[in-house]
Structure formats: structure tokens, C-alpha cells
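Novice: mind looking at a prediction? Sequence and model below.
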Amino acid sequence: APVPYPPACRPQAWSAAVSPALVTALFGLQPDGAGRVTSAPLPGFGPMTVTGVRVGEETLTFTTED
């Protein structure tokens, strides 16, 4: 049966998490419990920069040159 219009337009919960998950995967971000973040970016995606990544109290910028 057709779905009423308002619920059909509501965003899915998984779609809200796509951007942070994509940034985490492409940059290979691995935060630890001590407030440090390591990065192992995936090769072959070209130069990328992401700004405004919050880790604890800090706001970080990640850049790749590949």
C-alpha cells in the first residue's frame, strides 16, 4: 500500500551517518582513548582535505597528497 507523504520524506537514520563514516574510511582515522588520532588514508583517491573534525576538545584538519 502507498505510504502517507510526510513519513516518506523523512531522512533515514543510516543516511545521516554516511558522511562521517566515509571520511573515517577514506582517511583511515583511528582514534584512541587518549585523545590521539592516527591516519592511514586509502591510496588512489587523489588529494583530499577535511576540516572541522572534532576529537575531544580539539578541532582537526586532515589532508592527503596522494
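Specialist: Okay, I see it.
Novice: when you work out contacts or count neighbours from here on, use the C-alpha atoms and nothing else.
Specialist: Noted.
Novice: what about the most centrally placed residue in the chain, which SS state?
Specialist: Residue closest to the mean C-alpha point of the chain, counted by CA atoms, centre = their mean, is residue 20 at 2.0 Å. At residue 20, secondary structure determined by DSSP: H, G, I helix; E, B strand; the rest coil is helix.
Novice: ok, residue 23 next?
Specialist: helix.
Novice: please tell me how far it sits from residue 1.
Specialist: Remark: distance between residue 23 and residue 1 (CA to CA, to the nearest Å) = 38 Å.
Novice: the two: which is more packed in?
Specialist: A direct count of neighbours by other CA atoms under 10 Å for residue 23 and residue 1 places residue 23 higher, at 16 against 3.
Novice: from residue 32, how far out is that one?
Specialist: Note on residue 23: its distance to residue 32, by CA to CA, is 17 Å.
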